[in-house]
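[1] the sequence and its predicted three-dimensional model are supplied below.
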Amino acid sequence: MDNYSTPGTQETPAITFDLTKGEIEISGNSIPENPVKFFAPLVTALNEYIIAPKPITTITFKMNYINTSSSRHILDILKKLETINKNPGEVIVNWVYEHDDQDMEEAGNDYQTVVDLKFNLIPVVV
């Protein structure tokens, strides 16, 4: 499987997935018209990656805004990554948010309570 990436737009986040390093970054706004279609290539890459993951997989979110339907897809991605934790691998989630963005902080806290993954909530000053 090749690395996967897609540039961000005003409605969709930028995604980079370096399979050789086990690093995923999702950043920007996530309000796609068709979230199933938008996230499908990432899910396909994850399905292949999960078969033989790196010892440590890191996923970093740097989100500005997430609509409800995108939120569900992000949860599905995190749940998919939980399967790596059940094998000998480890998954680290970095949830980066602007220090005064209570919505994004709350979203990170919500995900953290729902999935069994190591979470780092990282406030930044922009």
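    Good, I have the coordinates.

[2] with adjacent residues omitted, what lies nearest to Leu42?
    Ile15 (5.8 Å; C-beta to C-beta, 6 or more residues apart in numbering). (Glycine included, C-beta is placed from N, CA and C.)

[3] shouldn't the one you found be within a strand?
    Yes: counting by DSSP: H, G, I helix; E, B strand; the rest coil, one finds Ile15 located in a strand.

[4] quick one: neighbours of it, just the number.
    Ile15 sits with 21 neighbouring residues when counted by other C-beta atoms under 10 Å.

[5] tell me what it is bridged to.
    Note on Ile15: beta-bridge partners by DSSP bridges are Thr6, Ile26.

[6] what helices and strands are in contact with the strand or helix carrying Phe39?
    In this structure, Phe39 sits in helix 35-51 according to DSSP states H and E. Other helices and strands packing on helix 35-51, by 3 or more C-beta pairs under 8 Å, 6 or more residues apart in numbering; DSSP states H and E, are strand 4-6, strand 14-18, helix 68-85.

[7] could I have the second one exported to PDB, CA atoms only?
    Right, strand 14-18. Included here for strand 14-18 are C-alpha records, laid out as PDB according to Å, rounded to 0.1, in the frame of the first residue of the first chain:
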ATOM      1  CA  ALA A  14      -5.900  17.700   4.900                       C
ATOM      2  CA  ILE A  15      -4.900  14.100   5.500                       C
ATOM      3  CA  THR A  16      -1.500  12.600   5.400                       C
ATOM      4  CA  PHE A  17      -0.900   8.900   6.200                       C
ATOM      5  CA  ASP A  18       2.800   7.800   6.100                       C
END
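
[8] next, the buried residues of that strand.
    Using 16 or more other C-beta atoms under 10 Å as the test for burial, strand 14-18 gives 15, 17.
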